[in-house]
Each structure stands twice: as structure tokens, then as C-alpha cells.
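Visitor: Pasted the sequence and its predicted model underneath.
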Amino acid sequence: MTYSIRNNLLTSLLGTVFLVLSATSLIVYHDSQQEIRSLIDEHLAQSAQVLFTLVAHELREENEKYATKEDRFDELKDHLAFHKFNTLLAFQISVAGEFNFISRATPQEPLSDNSGGFSQITIDDETWRVFTLFDVNDQISIRVAEKESIRHILIRRITLHVLTPLMLCLPILAPLIYLLINHGFKPLKEIGDDIKQRDVSQLDPIKTKIIPHEIQPLINALNNLLVRLERALKYERDFTSDAAHELRTPLAGLKAQAQVACKTGNEETRKKALAQLLQGIDNATQIVEQLLTLARLDPDTGLDKFADINLHTVITEVVTDLKPHTDRKNIAINISVPDTAIIRGNHDALKIMVRNLLDNAIAQLAQDQNGKIVIVAERNAGNMILSIIDNGPGIPDSEKELVFNRFYRRNNNKPQGSGLGLSIVKRITELHNAGITLRNPDAGTGLHVSIVFPA
């Protein structure tokens, strides 16, 4: 199932807005109805008060033109017949218990008793909301009423008028939210289009005009991945090229020796060809092993397990493995590495590093020169310094940097290896953030290799 952040965000926002607007509408609807009912009730009470004031004034007015009390009530009826309350509200006016005036469309029976305040009454299936105002002194009773059906219509109209803006918010906000989300995701779309249009060999970092702060870590991580991928592919290409280059000549030599062994009729020549064939196989095997070792030391794929490593243990293991070679050439190895020589690193890689350095030193020492190798480890300013010193012919200053290149072989009379040993050593020191230097010993000939492991 495809998950879309944009669609999920759009659905979440619209759903949230809908819920908020619905809840707000319900609250507004409820509060508005209560408020409108209170206002209408207040209007009934005010209307009753106005009518009471008008009636009381007319009844108390001393005017000789009214011969009788009935004449005064007739004048009051004529006056109220044209008053605005006669068309908007239903009311009953009684003095001393007699109905003196009833507005049009008003029931004939009393709408309430003389107890003041609000009340409700149902007459002929019609419910009325009534407010009664009774004056004990003048025996004046004012009843102002309104049909509940009319009140409901009025309340609905006013409430609808209040809620209309809220109901229009969602249709207005929905396309606006959609446009804003699309605009916000535009940089992501540009990045996606950039990656989609790339060729498989195009691994340069992603660059866009505007990168939102929230996805900057993602872009940085992706660019770092592209850099590592480009380095890994380059490493693979170099490995393939190196393997093809270095194995072509040995394989050709092996083929030639095999042909000689097959074609010659001379037993001595056959034995010599087979011996050279075996030596060539050993050399090719060494090259393959060194190439595979170098491949395993890819900084993006290897050495992910670092731990506290005792250099004394690592060096002792390597020296023990090389003892048959050192004994055959009468080479003495002096180890001056304390048990406290602890560094953070990878045990197997450090063992390969020391092995290659000692292999290189042993190869350069002649069998009859009383060869000597000194291995020293000491701490200086917090750094651990590993030194391997031999009394061989050494390396000229002009070649001290070149020997770290792949397949570099010195032009001397010593046996030639694969040319990868010091390249491997250099790679391992880089993976341990260590530095390596080659210099002449303080006394005599030979080579002094120093590796500085940071604290």
C-alpha cells in the first residue's frame, strides 16, 4: 500500500478543520438559541411594561370629556387598535378582572392567571409563550404573548444567519489548504524529478534553489550517500582494473610455463617449467589475496566493529606466525610493547597492517646480514606511537611517498612482491584516523616506520 505524506496531511487538516467547524457550529447553534430566546423573552417583558405604562397613563388621566369609565376604555381601545404591538404581538389587557382589550388573533380565554412572569399555555393545539405583568393597586393585568411556532421560525432564521459564515469556511478553506500543501511540497517534487531524470552514472550531490529546513538533514544524508556510492563504485572500478592489470602478466607466464612443460621432451626442462609454474601460482595467489584484502578495507563497507585492542597481543600473534620466515633468514625481532598499549581499532585490520610491515621488512633483509627488527610502542601526549625499525637497505627519500601507491615496485635487486603491501597499510591507518611516516633510523641503515594513533 502506497503511503502519501501529502494526502495524509491534506486529509488530516481537512478532517481537523471539519471537526473544529462542526464543534464550533454546534456550540454556536446551542448558545445562539439560548441567547435569542433570552432576547425574545426580554422583548416580551419590555413590551408588557410599555403597554402597562400606556394603559395606566390613560386610566389615570383626569379629563372631563369622558362622561363615564366606559367612554375612557373606548378611547383606549381606539388608541391601542393602531399601536404597533397590535400587529407584532398578541396581548390581553384587563382592569379589575374584566377583559377591556384583546388584540387580533388572540384567544378569548385568559392566557395566564395574574401571577407575574413567564409562562406557557397551549390553546387549540397552539403553544404560547406568555409574559404577565399585574399591578395590584390599579388591578391592571397585562398579558403579552407570542406563538412558539413563530418564535422557532425566528430563532432558526437568526441562527442560520449566524452559522452561514462558519458553514462557508470549509468550502473556502479546502482548496486553499490544498494549494498551500502543494506549494509546500514543491521542493520535494523538484528533488524527486531531479533524481528521476538522472543517469545511473550521475552521482553528483543534489542541488535545488530552495531546500526547506525540515528536509535539509535528508538532503545532506542523501548527498553523503551519493558521495559514498560514487567512491564505492570508483573503488570497484579501480579494483577490477587493478586485478585485470596485475593478473594478466602472471597468467600469461603460467600459460607459457604450462606449454613448455607439455611440449618438452626433456625431463629436466619439464621439472624446471613446473617449478616455475608453481612459483607463478604462488605469486598470483598472493596478488589475489592482497587485492581481496584491499577490497575488504573499503572505508564505506569495512571496519564497522571497533573495540579496545591490545597492541602487544596483536604484534605477538603476527611475530609467532612469521617465526618460520625469520628463523630461515636468521632475523631477530625485539618487541618492546607494554601490555598497557591499548587503542581503539579493529583487531583483524591491525593484524594485517603489522603483518604487511613485517613482511616488507623481512623481504628486504638478506639472509646473511644479521637482520634485526625492533618493534616499539609508547604513549606520547596521549597518542599511541607504534614504531617498526629494521636494519635493511631502507628506502630513498624520493620514493618514501611513492611506495604507498598501488602496485608500486622499487627498482632494486630485492624480491618483488605484489606492490600492494604498503597500500594496504596506508588504508588501514586512514581507517583508524592514524598517520604513518617513513624515515631513516637514527643510527645506521634501514627504515623507521612510525604510526601515530590519536588518543
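Guide: Arrived safely.

Visitor: from here on, contacts and neighbour counts on C-alpha atoms
Guide: OK.

Visitor: Buried by neighbour count: which residues of the one helix or strand Glu430 maps to qualify?
Guide: Counting by DSSP states H and E, the element that carries Glu430 is helix 421-431. Within helix 421-431, the residues that count as buried by 16 or more other Cα atoms under 10 Å are Gly421, Leu422, Ser423, Ile424, Val425, Lys426, Arg427, Ile428, Thr429, Leu431.

Visitor: Among these, which one lies nearest to Ile102?
Guide: Leu431 (106.4 Å; Cα to Cα).

Visitor: and that closest one, what pLDDT?
Guide: Looking at Leu431, its pLDDT is 85.

Visitor: Show me what the longest helix anywhere in the chain is packed against.
Guide: Using DSSP state H to define each element, the chain has its longest helix at helix 5-60. Here helix 5-60 touches helix 69-81, strand 126-135, strand 140-147, helix 148-184, going by 3 or more Cα pairs under 8 Å, 6 or more residues apart in numbering; DSSP states H and E.

Visitor: Using CSV, please lay out these together with mean pLDDT.
Guide: Output for the helices and strands packed on helix 5-60, formatted as CSV (pLDDT from 0 to 100):
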stretch, mean pLDDT
helix 69-81, 54
strand 126-135, 86
strand 140-147, 85
helix 148-184, 83
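
Visitor: Tell me which of these sits most buried.
Guide: Mean neighbour count, computed with mean count of other Cα atoms under 10 Å, is highest for strand 140-147 among the helices and strands packed on helix 5-60, reaching a mean of 25.

Visitor: now it and helix 5-60, what's the angle there?
Guide: 150 degrees (axes from the mean of the first three to the mean of the last three Cα atoms, to 10 degrees).

Visitor: Can you tell me the strand partners of strand 140-147 and which way each runs?
Guide: Using DSSP bridges, strand 140-147 pairs in its sheet with strand 90-95 (antiparallel), strand 126-135 (antiparallel).

Visitor: got JSON lines for these, with distance to Thr24 too?
Guide: Below are those laid out as JSON lines (distance: least, Cα to Cα, whole Å):
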{"stretch": "strand 90-95", "distance to Thr24": "36"}
{"stretch": "strand 126-135", "distance to Thr24": "29"}
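
Visitor: how far away is Thr429 from Leu357?
Guide: As judged by Cα to Cα, to the nearest Å, Thr429 and Leu357 stand 12 Å apart.

Visitor: er, Ile5 actually
Guide: Counting by Cα to Cα - Ile5 and Leu357 are separated by 55 Å.

Visitor: And for Ile309?
Guide: 18 Å.

Visitor: picking up where we left off before, now the helices and strands packed on helix 5-60 in CSV, with distance to Leu438?
Guide: Putting these into CSV (distance: least, Cα to Cα, whole Å) gives the following:
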stretch, distance to Leu438
helix 69-81, 122
strand 126-135, 108
strand 140-147, 109
helix 148-184, 57
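
Visitor: so what's the nearest residue to Asn346 once chain neighbours are set aside up against?
Guide: With Cα to Cα, 6 or more residues apart in numbering as the criterion, Asn346 has its nearest non-adjacent residue at 5.0 Å, and that residue is Phe306. Residues near Phe306 by Cα atoms under 8 Å, 6 or more residues apart in numbering: Arg344, Gly345, Asn346.

Visitor: If you rank those by neighbours, which is first?
Guide: Highest neighbour count within those, by other Cα atoms under 10 Å: Gly345, with 23 neighbours.

Visitor: For that residue, give the beta-bridge partners.
Guide: Ala307.

Visitor: I'd say it and Leu311 touch.
Guide: No - counting by Cα atoms under 8 Å, Gly345 sits too far from Leu311 to count as a contact (9.9 Å).

Visitor: Determine the set of other helices and strands touching the helix or strand containing Asn220.
Guide: Applying DSSP H and E as the criterion places Asn220 in helix 216-263. For helix 216-263, the packing partners by 3+ Cα pairs under 8 Å, 6+ apart come out as helix 267-296.

Visitor: Just the mean pLDDT for the helix it packs on, thanks.
Guide: Mean predicted confidence for helix 267-296 is 75.

Visitor: tilt between that helix and helix 421-431?
Guide: 10 degrees.

Visitor: tell me which element Asp193 is part of?
Guide: Using DSSP H and E, Asp193 falls within helix 186-196.

Visitor: and the chain, what are its domains?
Guide: 5-169, 213-296, 307-453 (automatic domain parsing).

Visitor: The longest one spans what distance, first to last residue?
Guide: The first and final residues of domain 5-169 sit 24 Å from each other (Cα to Cα).

Visitor: go on, stretch 367-374?
Guide: Termini of stretch 367-374 sit 17 Å apart (Cα to Cα).

Visitor: which SSE is Asp348 in?
Guide: Using DSSP H and E, Asp348 falls in helix 347-364.

Visitor: what angle sits between the next helix or strand after that helix and helix 347-364?
Guide: Counting by DSSP H and E, the element after helix 347-364 in chain order, helix or strand, is strand 372-380. Counting by the same axes, to 10 degrees, strand 372-380 points 140 degrees away from the direction of helix 347-364.

Visitor: Report the mean confidence score over strand 372-380.
Guide: 92.

Visitor: counting contacts, what elements does it pack onto?
Guide: strand 332-336, strand 383-390.

Visitor: In JSON lines, list those strands along with distance to Ser25 and mean pLDDT.
Guide: Converted to JSON lines, these look like this (distance: least, Cα to Cα, whole Å; pLDDT from 0 to 100):
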{"stretch": "strand 332-336", "distance to Ser25": "86", "mean pLDDT": "92"}
{"stretch": "strand 383-390", "distance to Ser25": "72", "mean pLDDT": "93"}
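
Visitor: Pick the most buried one from those.
Guide: strand 383-390 (a mean of 21).

Visitor: contacting residues around that strand?
Guide: Applying Cα under 8 Å, 6+ apart, the set of residues contacting strand 383-390 is 341, 343, 357, 361, 371-379, 441, 446-455.

Visitor: how about a cut-off of 7 Å?
Guide: With contacts defined as Cα atoms under 7 Å, 6 or more residues apart in numbering, strand 383-390 is touched by 361, 372-379, 446-455.

Visitor: tell me the angle that strand makes with strand 332-336.
Guide: Using the same axes, to 10 degrees: strand 383-390 against strand 332-336 is 170 degrees.

Visitor: Give the pairing partners of strand 383-390; include direction for each.
Guide: Here, using DSSP bridges, strand 383-390 pairs with strand 372-380 (antiparallel), strand 447-453 (antiparallel).

Visitor: got a markdown table for the ones you listed, with mean neighbour count and distance to Gly15 too?
Guide: Formatted as a markdown table, those follow (neighbours: other Cα atoms under 10 Å; distance: least, Cα to Cα, whole Å):
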| stretch | mean neighbour count | distance to Gly15 |
| --- | --- | --- |
| strand 372-380 | 18 | 66 |
| strand 447-453 | 20 | 59 |
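
Visitor: which secondary element of this protein has the worst mean pLDDT?
Guide: helix 85-88 (a mean of 49; mean pLDDT, DSSP states H and E).

Visitor: residues near Glu98, how many?
Guide: Glu98, neighbours per other Cα under 10 Å, totals 11.

Visitor: Provide the partner residues of it in its beta bridges.
Guide: Val95.
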